[in-house]
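Student: Predicted model, plus sequence, below.
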Amino acid sequence: LVYHGVDLARFAPPAAPRATTGTPVILSVGRAVEKKGFDDLLAALAALPPALDWRFVHVGGGPLLPALARQAAQGGIAARLEWRGALPQDEVLRLYREADLFVLPSRVAGNGDRDGLPNVLMEAQSQGVTCVSTRVSGIPELIVDGETGVLVPPNDAPALAHAIETLLADPGARARLGEAGRQRVAAHFSHAGGIGRLAVKFGLPCASPSTRR
């Protein structure tokens, strides 16, 4: 098995440590479609204790954005949310580096559509961001629950809310899980590593990441 992986030359670890002060930022990146589970995420955020400090940033377009905005307003959390729309990769990378938590509650859509192994989870973990996601498709192959991130069942907003609340209250756990996730991506989910394994299988010389274009 060769994972498609992430280009660690482009997604190099951040040079500066992540800030631990200020309002914690929860980030999610993905099209607003059923399989991403963003309605579950908004339900989880609305269930967090009112006194808990956080703000949520979403990146991506998609047909469900208007419905999600209405749900946020009905849940009383619209003022804490930012809908950034589609952004260039450099801007998304900056947001990964500013985030305290990355959440993607993937699920199987009614028509059977589902994520395989979302690139955004690998990208976020490459930046040392603690990830919360679901036990869907290949995601458990990337995120080892309780070791390199946190997994909850799909379609379970209460479990998602509990995971988010627990991690927001524990910066030490976020730092530990985030670093473990970063190391796992570097060891097993790098684009260069996958190319190297393929080169060996095909009997080809493998160029180093610094010389490959």
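Tutor: Happy to help now that I have it.

Student: Which of the three states applies to Ala86?
Tutor: Here Ala86 is recorded as coil under DSSP: H, G, I helix; E, B strand; the rest coil.

Student: Identify the residues contacting it.
Tutor: 59-61 (Cβ atoms under 8 Å, 6 or more residues apart in numbering). No exception for glycine: its C-beta is placed from N, CA and C like everyone else's.

Student: And Phe38, by the same measure?
Tutor: Applying Cβ under 8 Å, 6+ apart, the residues near Phe38 are 28, 30, 32, 58, 64, 68, 105.

Student: ok, so of those, who is nearest Pro49?
Tutor: Pro105 (19.4 Å; Cβ to Cβ).

Student: quick one: contacts of stretch 133-147?
Tutor: Here stretch 133-147 makes contact (Cβ under 8 Å, 6+ apart) with 3, 37, 103-108, 114-118, 121-122, 125, 131, 148-154, 177, 180-181, 184-185, 189.

Student: For this structure, just list every one of the helices.
Tutor: 38-46, 65-74, 89-98, 119-126, 139-142, 157-168, 171-188, 191-201 (DSSP state H).

Student: which stretch in those helices has the least confidence?
Tutor: Lowest mean pLDDT of these: helix 191-201, a mean of 68.

Student: ok, back up a step: and of the contacts of Ala86, the nearest to Leu95?
Tutor: Val59 (6.5 Å).

Student: picking up where we left off before, using a markdown table, lay out the contacts of Phe38 together with distance to Arg94.
Tutor: Below are the contacts of Phe38 laid out as a markdown table (distance: Cβ to Cβ, whole Å):
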| residue | distance to Arg94 |
| --- | --- |
| Ser28 | 15 |
| Gly30 | 17 |
| Ala32 | 21 |
| His58 | 15 |
| Leu64 | 25 |
| Leu68 | 23 |
| Pro105 | 23 |
